[in-house]
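Return a 3D structure for these sequence lines:
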Amino acid sequence: MAFLLPTFTLFAQEGVEALVHALKDKDSKKVIVVSHRGDWRNAPENSLQAFKNCIEMGADMIEIDLKKTKDNQLVLMHDNTIDRTTDGKGKPSDYTLEELRQFHLKNGLGRPTFHRIPTLEEVLELTKGKILINIDKGYDYFKDVYELLVKTNTIDQVVIKSGYPYEKVKAENGDVLDKVIYMPIVNLDKPGAEQMIDGYKAIKPVAFECCFTEVTPEVLRLLQKVKDNGSKIWLNSLWPSLNAGHDDDRAVELGQADESWGWLLEQGASLIQTDRPRDLIIYLQKENRR
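Model (predicted):
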């Protein structure tokens, strides 16, 4: 029985140069759509197909996570083990890359597919010149990542993140920190948030990823401070605890897009990480933020 595959193309994908410009230009009105673990609703998370879908639908950035194999190859995997996302068991570091390739990625129903765990290099080659990349869980491999970015000539389109203070990141990565796009993660309703923001004044990051469980005057003040310091704001609409209830499901399932994505825009979000990239793109197009 033959099946027709749906087309995901919504709008023409911008070249990566235009996306990098929009990312770095503090006056740009474009809101960058970051697809969490790729288009995982229609392909296995952190799979090449999930990223191909994002490129075709016109998303601006994909978020990925890294682990290392026994033979020191960087592969895409969010969890500490492969149990949830593949038909194998154990840690990526229990296997060589060749051994890891025997396993199959699972789809959203937990069923094995024909997709395999990709390497970071494969993802960089696939996305080169097409879409931005955010390396979320991957700070431990900062210098190894940098070497691959140089090898694949993709330095300008990759953002590396961590939740560590500037002093630690600088001490551990030295001059490499100045050669990549680095973005701090800060929990605005946790102690030390303001010190974290102030600590990065030395490099003025292109943006801060800001998380908060509830809206308080202090959270709103710190969001404004990030902007006043010359950085953009990255907000997550993934689930309620990251955005005080202004999340994707509220937008799509409850039909309250203005109270979720619209609210994030009102707080100054220039980047929104989402599990509903297609729906968010359509919403932003209607709001003239694309």
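
contacts, neighbours, all on C-alpha from now
Will do.

pretty sure Ile197 contacts Val226?
Yes: judged on Cα atoms under 8 Å, Ile197 makes contact with Val226 at a distance of 7.0 Å.

Neighbour count for those two, which is higher?
Ile197 (24 against 21; other Cα atoms under 10 Å).

Doesn't that one lie inside a strand?
No: under DSSP: H, G, I helix; E, B strand; the rest coil, Ile197 sits outside any strand and is assigned helix.

Give me the pLDDT value at it.
pLDDT recorded at Ile197 is 98.

need the helices for this protein, in chain order.
Listed in chain order, the helices of the chain (DSSP state H) span residues 16-24, 48-57, 97-100, 120-127, 142-152, 166-173, 193-199, 217-228, 248-252, 257-266, 277-286.

chain center to the third one: distance?
When C-alpha coordinates are averaged (Cα atoms, centre = their mean, to the nearest Å), helix 97-100 and its chain have centres 26 Å apart.

just to revisit the earlier point, deepest-packed of the helices of the chain, please.
Of the helices of the chain, the one with the most neighbours on average (mean count of other Cα atoms under 10 Å) is helix 48-57, at a mean of 22.

Tell me who's in contact with Asn80.
Listed by Cα atoms under 8 Å, 6 or more residues apart in numbering, the contact set of Asn80 reads Lys67, Lys91, Pro92.

Just put those in JSON lines and tack on pLDDT and distance to Val150.
Listed next are the contacts of Asn80 as JSON lines, based on pLDDT from 0 to 100; distance: Cα to Cα, whole Å:
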{"residue": "Lys67", "pLDDT": "98", "distance to Val150": "19"}
{"residue": "Lys91", "pLDDT": "98", "distance to Val150": "28"}
{"residue": "Pro92", "pLDDT": "98", "distance to Val150": "24"}
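
for those residues, which one is nearest Phe212?
Relative to Phe212, the closest of these is Lys67; by Cα to Cα it sits at 26.9 Å.

Show me the contacts of Asn80 that map onto strands.
Lys67 (DSSP state E).

So which of the contacts of Asn80 is the closest to Ala244?
Once Cα to Cα is applied, the member of those that ends up nearest Ala244 is Lys67, at 30.0 Å.

how close does the closest one sit to Thr96?
Using Cα to Cα, to the nearest Å, one gets 12 Å for the distance from Lys67 to Thr96.

Repeat that for Val158.
26 Å.

Same drill for the two, tell me which one is more crowded.
More crowded of Val158 and Thr96, by other Cα under 10 Å: Val158, with 24 against 15.

Show the contacting residues for the nearest residue in space to the more buried one that is not next to it in sequence.
The shortest distance from Val158 to any non-neighbouring residue, by Cα to Cα, 6 or more residues apart in numbering, is to Ile133 (4.7 Å). Contacts for Ile133 (Cα under 8 Å, 6+ apart) come out as Met61, Ile62, Glu63, Ile64, Gln157, Val158, Val159.

can you check Asp83 too?
Lys89, Gly90.

Pick out the residue closest to the middle of the protein.
Residue closest to the average C-alpha location in the chain (Cα atoms, centre = their mean): Glu63, at 2.6 Å.

any idea how far that residue is from Gly108?
In terms of Cα to Cα, Glu63 sits 18 Å off from Gly108.

Same check on Leu188?
Distance, Leu188 to Gly108, by Cα to Cα: 32 Å.

repeat for Val159
To Gly108, Val159 is 27 Å away according to Cα to Cα.

So of the contacts of Ile133, which two are at opposite extremes in space?
Ile64 and Gln157 (13.3 Å).

okay, and for the stretch 1-150 of the chain, where does confidence drop off?
Scanning the stretch 1-150 of the chain for pLDDT under 70 picks out 1-14.
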